[in-house]
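In: with the sequence up front, the predicted model follows.
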Amino acid sequence: MERNVETFIGCDASYEEAKAVIFGAPFDSTTSFRPGARFGPSAIRHESFGIETYSPYQDKDLTDIRVFDSGDLELCFGLPEMALRDIEERTEEILEGGRLPVMLGGEHLVTLGVVRALAARCPDMHILHFDAHADLRDDYLGARLSHACVMRRCHELLGDGRIHQFGIRSGDREEFRFAAAGHTNLYPFDFQKFPETAQMLADKKVPVYVTIDLDCLDPSCFPGTGTPEAGGVSFNDLLSVIRRLPSLHIVGADINELAPMLDPSGTSTAMACKVLRELLLAIVAKTE
């Protein structure tokens with residue numbers, strides 16, 4: 001792999017020295033409402049130079065860690081399974097090199113490709129899922145590979161009690177019944193139950209994957225997403241979650257569902273950049 005020409009700010013380490021690898025998955029072929037998330041990864045990189053590498057929230061700096069930005073995958077828009085296979089292969093390559101994969105979506109279906117690769121190596125893995133939508137449909141309009149079904153497909157890989165969902169405020173009745181039957185741990189509307197979940201995962205010392213659908217944020221502060229849902233959390237709410245991640249055994253992460261052209265003000269892209277900065281600083285070990 002070679003470093004991307006335009007990298008996320010502060011993520012210009014060589015592959016050899018990196019502890020984590022960023023890659024983009026610009027795919028939105030199964031988007032159920034407004035498309036555009038395929039342009040999220042490149043927008044995040046381009047606009048990242050409007051923020052600082054230093055985080056006053058964590059008193060950490062991106063220049064203190066070593067992250068390699070490998071750029072965006074070239075994915076087949078019309079064939080979700082082919083796109084997922086390419087994402088899985090890139091993740092396997094990163095894991096084989098002993099590095100932490102951090103993916104930029106794209107629609108939320110792209111998470112399945114990373115989870116497939118990690119589940120094969122970490123059969124006891126748990127997922128922390130932050131989202132407005134349950135994503136637990138068995139199919140959406142007959143398609144089982146859809147961003148509306150991604151957590152259902154992940155459940156099929158991991159089994160009951162391994163997916164912990166926060167901020168959920170949208171889904172059909174069957175999705176909520178599926179979760180209530182004990183298949184997932186779904187905590188609606190906010191992140192209040194997150195601290196006790198984080199403590200449980202820390203005590204168990206299990207591998208944890210983090211997936212952040214940015215539409216968990218309220219559309220008043222993050223309108224640039226394909227399926228906005230009123231009643232979301234604030235940036236500070238999401239930051240409080242991210243700041244607890246260093247206590248966990250994180251094996252990978254992603255952020256997804258930024259559709260930059262749906263927010264002409266650029267506020268959503270700027271916020272996505274800040275979320276990514278805070279996420280990297282929380283989960284990538286400081287280089288001594």
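Out: Received the coordinates, thanks. These numbers come from a predicted model, not from an experiment. Numbering: from 1, shown residues only.
In: which strand or helix spans Ala119?
Out: helix 111-121 (DSSP states H and E).
In: contacts for that helix, please.
Out: 25, 83-89, 91-92, 95, 101, 103, 105, 125, 127, 145, 150, 153-154, 157-158, 207, 209, 211, 251-252, 254, 256 (CB atoms under 8 Å, 6 or more residues apart in numbering). (Glycine included, C-beta is placed from N, CA and C.)
In: mean confidence score for that helix?
Out: Helix 111-121 shows a mean pLDDT of 98.
In: just the C-alphas of that helix, formatted as CSV.
Out: Provided in CSV are the C-alpha atoms of helix 111-121 (Å, rounded to 0.1, in the frame of the first residue of the first chain):
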residue,chain,number,x,y,z
THR,A,111,-19.3,-2.0,8.2
LEU,A,112,-20.2,-5.6,7.3
GLY,A,113,-17.0,-6.1,5.3
VAL,A,114,-14.8,-5.1,8.2
VAL,A,115,-16.8,-7.2,10.7
ARG,A,116,-16.5,-10.3,8.5
ALA,A,117,-12.7,-10.0,8.6
LEU,A,118,-12.5,-9.3,12.3
ALA,A,119,-15.1,-11.9,13.3
ALA,A,120,-12.9,-14.6,11.7
ARG,A,121,-10.0,-13.5,13.9
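In: same question for it: list its buried residues.
Out: Thr111, Leu112, Gly113, Val114, Val115, Arg116, Ala117, Leu118, Ala119 (16 or more other CB atoms under 10 Å).
In: now those residues in CSV, with distance to Pro246?
Out: What follows is the buried residues of helix 111-121, written out as CSV (distance: CB to CB, whole Å):
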residue, distance to Pro246
Thr111, 22
Leu112, 26
Gly113, 26
Val114, 20
Val115, 22
Arg116, 26
Ala117, 23
Leu118, 19
Ala119, 23
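In: what is the nearest of the residues you listed to Gln199?
Out: Using CB to CB, Leu118 is the member of those that sits closest to Gln199, with 22.3 Å.
In: wait, Asp69 sits on Gly10?
Out: No: counting by CB atoms under 8 Å, Asp69 sits too far from Gly10 to count as a contact (9.7 Å).
In: which of the two has more neighbours?
Out: Asp69 (29 against 22; other CB atoms under 10 Å).
In: which ones are touching the more buried one?
Out: Asp69 touches Arg3, Asn4, Thr7, Phe8, Cys11, Asp12, Val21, Ile22, Phe23, Arg45, counting by CB under 8 Å, 6+ apart.
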